[in-house]
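Quick one, fold the following:
(chains A and B)
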Amino acid sequence: MSGPDHRSANPPREASLRGDPGTGRGGLDRPRHPMRKIEPVLAILLAAALIAAAIAAPWLRFVLTIALAKGIAVLGIMLLLRAGQVSFGHALYVAFGAYIVAFLAPKLNDAVVLLAVAAVGAGLLGLVIGLFVTRYRQIFFGMLNLAMSMVFYSLLEKLYHITKGSDGIRVEIPPVAGQVLDRVAYEWTIFGIALGLALVLGLLLRLYLASPMGEALAGIKTRETRLEFMGVPARGVLLSAYVISAVVGGIGGALIAMTSRHVTPLLAYWTGSGELVFIAILGGAGGVLGPFLGAAAYELVRVYAAASFADAWQLILGSVLLLVILFAPGGLWGMAARAIGGRGR
Amino acid sequence: MAEWFQDNGLLLGLALLDGLSSAGLIFLVAVGLNLVFGVLRIINVAHGSLYAIGAYSAASIGIFLASIGLPGWASIPALVVSAALVGAVLGPLIERLLLRRIYGQEEVVQLLVTFALFMILEDVQKLVWGVQPIHHDTAMTLLGTIDIPFAGDVIPFTNYQLFMLPGFAIVTLVGLAWFLRRTLTGRVIVAVTTDREAATAMGIDAARIYLLTFSFGAALAALGGALSSPTAALVPGIGAQTIVLSFAVVATAGLGQIEGAALTSLMMGLGRSIAVYFEPELEVVVPYIIMVLVLLVRPQGLFGVAETRRV
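Numbers count the residues shown, from 1 in each chain, chains lettered A, B, ... in the order given. A predicted model of the protein is given here:
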């Protein structure tokens, strides 16, 4: 077959990503799937593995904290992907959360308060931008998000007297909940906070996805018009998901700022947004564990690739991404599901 | 107003000339992206890398030609040759090996495949050409400068930027419009863009059209890069910068619009260069402000056609 009509040439792939409403059999992302039952067990195992790895190799603690922070941010991407929308600009919220920490750290001298402010701040920004971008779908949605993040990026870079431009801002170690900590204790605390937040936010988003609001998200992807015929305000549903995605982005960004303790405009560059989508796909857009699996794998590959082939780490990451997309369409989560569930999906 | 013009007229004139030449470059890249999207329905994130590779190849070929003792004028056709080379070599390679596998899949998957390609090409480019700036401006210096009288003053401007860049853009615009509307291959491309299934049912080999269009789009991106190479030093990261700007042009113009892309490129090129001379902080922001304003009024883009809602 010379393959002129590719749309019908690949039905298994589409079905595996979308679920199969015809037979009532869910894809990975449907709550009826048996994987959902063992998800909490897997989450605890994964958390235990992360803690063990961080204890065994202290340098991994930094990498894993960043991975957890990115995983939290990617939870938001996953929500939007559920609605079939790809944001190529969510680095905006990560950078916004990070810069909130950098700016306010001297004034609000507490990591917990800073995290809360970053979450609320990013949520408000997400509401304002969301009111605008949720009017658009598909490519326009993606490009408008990209535009917003690029505007923010250039403001960060050009307004040198406020943001110190591409030099970035250093973040001093803030006290955590009133406790002044030394460096090692602080890093462990942030790691713990990141892990705790990952578990709590993962659980909350899991509940959200199983709620009617979360189910309606999938409806936006399938047939938005029909959703509206049923009386569901599609834009409102998407907006709520968008604001949540901004909040988790802000939290992820704040954690990144507290871990790397240095923020630069590069956090907001479009390649950062691409990275978030990359992690979402690498992990598999199925359960809420996917983003964390993806983020851990991504950061580890990145660190090893950068250490062994300093000039070619992007090349290696790009090749990994290609291999995953072409040969493991369900992502790491899909591979795990196959290994555990015994059947393809 | 008259007083302001007295003070800033010269700057404005320079901004307009600069804007015109950068609009030409933006157009070449954006129209390629738009054409590829129109036919393949894939937003090629790696389009910017093709631009960068086109630029580097042009510089390399130019330097090579100079080293074997060919006269300076040879570097002008070398620009076009290198663009054609990139299109003819990388275009089919990418389409056959990669894109062919993902047609008809979800948008996010397609976006990410080209994003992965972008990451790979960025590093390949660094491995081949290094990270030191490369400069080869024979083509520009050769053509000399021209003094343009403007508002009582004289602006010296390079002929290359004033005539070559906009000239190439206009030739491409007219040529492309003619090609798509008047030639058989062009009309077949339009047919596939409009309705692939119907076109295939009529016996059109869509696979061939995909290959052709993608290679052509790649060559256009490389041509944009090649033409830009004499005007600025080449550094890693130019591909990443270029692609976001072309995205903005394509979304603003409306998908699959060629004349729209030309007008939008002009708006953004002028807007950006005016910003460079008057409010440099805003330079990078201007295209996106234009895009947001346009999409607020026309959600489907300046010339886009609103899709009917599926029930």
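
C-alpha only now, for contacts and for neighbours.
Fine.

Tell me, how many residues neighbour B:Leu98?
B:Leu98 has 17 neighbours, counted by other CA atoms under 10 Å in any protein chain shown.

show me what contacts the spatially closest residue to it that is not a sequence neighbour?
Excluding the flanking residues, the one nearest B:Leu98 by CA to CA, 6 or more residues apart in numbering or on different chains is B:Val113, at 7.9 Å. B:Val113 sits next to A:Leu321, A:Leu322, A:Ile325, B:Leu98, B:Leu99 when contact means CA atoms under 8 Å, 6 or more residues apart in numbering or on different chains.

Now tabulate those in JSON lines and tack on secondary structure.
Output for the contacts of B:Val113, formatted as JSON lines (DSSP: H, G, I helix; E, B strand; the rest coil):
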{"residue": "A:Leu321", "secondary structure": "helix"}
{"residue": "A:Leu322", "secondary structure": "helix"}
{"residue": "A:Ile325", "secondary structure": "helix"}
{"residue": "B:Leu98", "secondary structure": "coil"}
{"residue": "B:Leu99", "secondary structure": "helix"}
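
Max pairwise distance over those: which two?
A:Leu321 and B:Leu99 (14.3 Å; CA to CA).

who has more neighbours, these two?
When neighbours are counted by other CA under 10 Å, A:Leu321 and B:Leu99 differ, and A:Leu321 comes out ahead with 25 against 20.

if I look at that one, how far off is A:Lys37?
28 Å (CA to CA, to the nearest Å).

what sits up against stretch A:116-132?
A:93, A:96-98, A:100-101, A:239, A:242-251, A:254.

List the buried residues of it.
Using 16 or more other CA atoms under 10 Å in any protein chain shown as the burial criterion, the residues of stretch A:116-132 that qualify are A:116-123, A:125-127, A:129-132.

Quick check: which helices or strands does the longest helix along chain B pack against?
Assignment by DSSP state H gives helix B:2-40 as the longest helix of chain B. Helix B:2-40 makes packing contacts with helix B:47-67, strand B:145-150, strand B:153-158, helix B:165-182, helix B:184-194, helix B:206-228, helix B:238-253, helix B:258-278 when contacts are defined by 3 or more CA pairs under 8 Å, 6 or more residues apart in numbering or on different chains; DSSP states H and E.

Just the CA atoms of the first one, as CSV, please.
What that stands for is helix B:47-67. C-alpha atoms of helix B:47-67 as CSV (Å, rounded to 0.1, in the frame of the first residue of the first chain):
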residue,chain,number,x,y,z
HIS,B,47,11.5,24.2,10.6
GLY,B,48,13.7,26.7,12.5
SER,B,49,16.6,24.2,12.5
LEU,B,50,16.3,23.9,8.7
TYR,B,51,16.7,27.7,8.6
ALA,B,52,19.8,27.5,10.8
ILE,B,53,21.3,24.6,8.8
GLY,B,54,20.6,26.6,5.6
ALA,B,55,22.4,29.6,7.0
TYR,B,56,25.4,27.6,8.2
SER,B,57,25.7,25.6,4.9
ALA,B,58,25.6,28.9,2.9
ALA,B,59,28.4,30.3,5.0
SER,B,60,30.4,27.1,4.7
ILE,B,61,30.0,26.9,1.0
GLY,B,62,30.8,30.6,0.6
ILE,B,63,34.0,30.2,2.6
PHE,B,64,34.9,27.0,0.7
LEU,B,65,34.4,28.8,-2.7
ALA,B,66,36.5,31.7,-1.6
SER,B,67,39.2,29.3,-0.4
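
So what angle separates the directions of it and helix B:2-40?
100 degrees (axes from the mean of the first three to the mean of the last three CA atoms, to 10 degrees).

between helix B:47-67 and helix B:206-228, how big is the angle?
Here the directions of helix B:47-67 and helix B:206-228 differ by 60 degrees (the same axes, to 10 degrees).

Helix B:47-67 close to chain A?
No - applying CA under 8 Å from any CA of the partner chain, one finds helix B:47-67 separated from chain A by no less than 12.5 Å.

and that helix, what's its mean pLDDT?
Helix B:47-67 shows a mean pLDDT of 91.

relative to helix B:47-67, how tilted is the next helix or strand after it?
Next along the chain after helix B:47-67, taking DSSP states H and E as the criterion, comes helix B:75-97. Interaxial angle of helix B:75-97 relative to helix B:47-67 (the same axes, to 10 degrees): 140 degrees.

Could you list the buried residues of the helix or strand just after helix B:75-97?
Counting by DSSP H and E, the element after helix B:75-97 in chain order, helix or strand, is helix B:107-129. Residues B:107-126, B:129 are the ones in helix B:107-129 that count as buried (16+ other CA under 10 Å).

How far off centre is helix B:107-129?
18 Å (CA atoms, centre = their mean, to the nearest Å).

Check stretch B:210-222 too.
Relative to its parent chain, stretch B:210-222 has a centroid offset of 12 Å by CA atoms, centre = their mean.
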